[in-house]
Every structure is written in structure tokens, then in C-alpha cells.
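# Next input, structure requested:
(2 chains)
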Amino acid sequence: AQKVTQAQTEISVVEKEDVTLDCVYETRDTTYYLFWYKQPPSGELVFLIRRNSFDEQNEISGRYSWNFQKSTSSFNFTITASQVVDSAVYFCASNAGGTSYGKLTFGQGTILTVHP
Amino acid sequence: DSGVTQTPKHLITATGQRVTLRCSPRSGDLSVYWYQQSLDQGLQFLIQYYNGEERAKGNILERFSAQQFPDLHSELNLSSLELGDSALYFCASSGRVGGNTDTQYFGPGTRLTVL
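Residues are numbered from 1 along each chain as shown, chains lettered A, B, ... in the order given. As a prediction, the model looks like this:
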């Protein structure tokens, strides 16, 4: 079974601050995938990134970056120079690889509020 | 826009009733997943279908059932509704041949309120 923990329930920052959202996962699978999703106030779940267990390269996409470390079972997400539009609930998730069609196990989510 | 559509967007009904939620996956996706999001349970996987066949089951109640039709759209049926079934129900799809088969793309959700 997989488990995802997002220890930060809520984070509040002021615009232009950098913010890091933590995610720790547990799995016995050797092949697995990790994801981040964003849920803005409108309610939909928006896919941000996918990372497989064999690829520990960090990734940067604009103001977003992700740090995957198998040694600490962490997949943290950093927003640089945050903006009010980044206010949302962010979910980290995992699924077991191999089948490629596995269910997602979600963390409890981190509510990010960016104040102007 | 993820390409996944769900209807209706909102549903208000009474305890004991039965409702059907509908989902159309992204074009070419073969897998459909259903998730329930509630304040106390968070986002929970309910069930997965792949090309018309049930592939995996999660914490789905016996009062709930689902199916995937030949055109790949899916329906989630919730019966004998209870107050605690009030939640946001998401459909997701994945499995496009030749594409990224592992990423699930979510629809906008159906908000169910049971009174």
C-alpha cells in the first residue's frame, strides 16, 4: 500500500515570497510515480507534474520547481516569487508503477494562501 | 481544460434517493477513474475501469456502482443516499495509446449534496 503525507496543512505567504510544499511518500513498490495537482478555489484538479521513480532529476517549469529525493522519500514543490493566483490547495499523489493504470493515493493537501 | 467532462456540475437530492453521475474521458483515453473528495476523508479512490472492464476497486460502498460503456464514457450510480455521501465526485481518465499513460486528468467534478 502507498501512503503520502503532506505535513503542512496551511501555509500563508505574502506575494513574491518563495514557498516550499513538502511531500513524503511511503511505498514498497520499486516502480512508482509521483504527482502534484493543484485545486484552485473553482474546485477542479489541475495536473502539474509527474515523476517516475527512476528519474531523480529536479525539474523547473517557470516559477515552479520540484525536488525529488529517493533517499528521503520526498518530492517537494517550490513556487518562486509567489503570486495571488497561486492560492489553491496543492495535492501530492503517488501510484504504483508496472500496470501504468494504477489508482492515485493522495496526501491530505496543503492550503496555500498568497496575500497581496 | 483537461478534456474530461462531467455532468451534472451540481446535484441536490434527498436521503434514500438514487443518482447517476456521468463522465466522458479525454479523447483516446481508455481508463476512467472515480474519486470522492470529502472534508473528513480527503480524496479517495473509488473504482477504475479500463476499456469497459473493471480494473481496480477502492473504498467504494456497496450502495455505489459504476460502469464504462463501449463509447468509453462512464457512469457512477449512488443509491440509498445518506447525508454522509455529500461530497465532490471526480472522474479522471488516462491511458491514451502512444501518450503518457500514467497521468490522470481530472474532470471538473460533480458536487453532490444530500439533504
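# what stretches of chain A score poorly on pLDDT?
Scanning chain A with the threshold set as pLDDT under 70 gives A:97-101.
# Let's see that with 50 instead.
Under the criterion pLDDT under 50, the flagged ranges of chain A are A:100.
# In it, mark out all the strands, start to finish.
Taking DSSP state E to define them, one finds strands in chain A at A:3-5, A:10-14, A:19-21, A:24-26, A:32-39, A:46-52, A:59-61, A:64-69, A:74-79, A:88-96, A:105-106, A:110-115.
# Figure out which of those strands is closest to chain B.
For these, the distance to chain B is smallest for strand A:105-106, at 4.1 Å, taking CB to the nearest CB. Yep, even glycine has a C-beta here, placed from its N, CA and C like the rest.
# show me what contacts the nearest residue to B:Pro25 once chain neighbours are set aside?
Once its chain neighbours are removed from consideration, B:Pro25 has its nearest residue in B:Ser93; the separation is 3.3 Å (CB to CB, 6 or more residues apart in numbering or on different chains). Shown here is B:Ser93, whose contacts under the criterion CB atoms under 8 Å, 6 or more residues apart in numbering or on different chains are B:3-4, B:23, B:25-26, B:29, B:31-33, B:104-105.
# secondary structure element for B:Ser93?
With elements delineated by DSSP states H and E, B:Ser93 resides in strand B:87-94, which encompasses its position.
# buried sites along that strand?
By neighbour count with 16 or more other CB atoms under 10 Å in any protein chain shown, strand B:87-94 contains the buried residues B:87-94.
# ok now that strand, how far from the chain's centre?
For strand B:87-94, the separation from the chain centroid amounts to 4 Å (computed by CA atoms, centre = their mean, to the nearest Å).
# now swap in stretch B:30-43 and tell me
Counting by CA atoms, centre = their mean, stretch B:30-43 is centred 7 Å from the centre of its parent chain.
# Any buried residues in that stretch, and which?
Neighbour-count burial for stretch B:30-43, with 16+ other CB under 10 Å as criterion, is recorded at B:30-37, B:43.
# Ends of that stretch, what's the gap?
22 Å (CA to CA, to the nearest Å).
# same deal with stretch A:53-72?
By CA to CA, one end of stretch A:53-72 lies 13 Å from the other end.
# what do you get for stretch A:27-42?
Per CA to CA, the first residue of stretch A:27-42 is 32 Å away from its last.
# same check, this time on stretch B:61-73
End-to-end for stretch B:61-73, by CA to CA: 21 Å.
# How about it and chain A, touching?
No - where contact is defined by CB under 8 Å from any CB of the partner chain, no part of stretch B:61-73 touches chain A; the two come within 12.7 Å at best.
# near chain A, which residues of chain B show up?
Residues of chain B that fall close to chain A, judged by CB under 8 Å from any CB: B:2, B:31, B:33, B:35, B:42-43, B:45, B:48, B:50, B:55-56, B:58, B:88, B:90, B:92, B:94-95, B:100-109, B:111.
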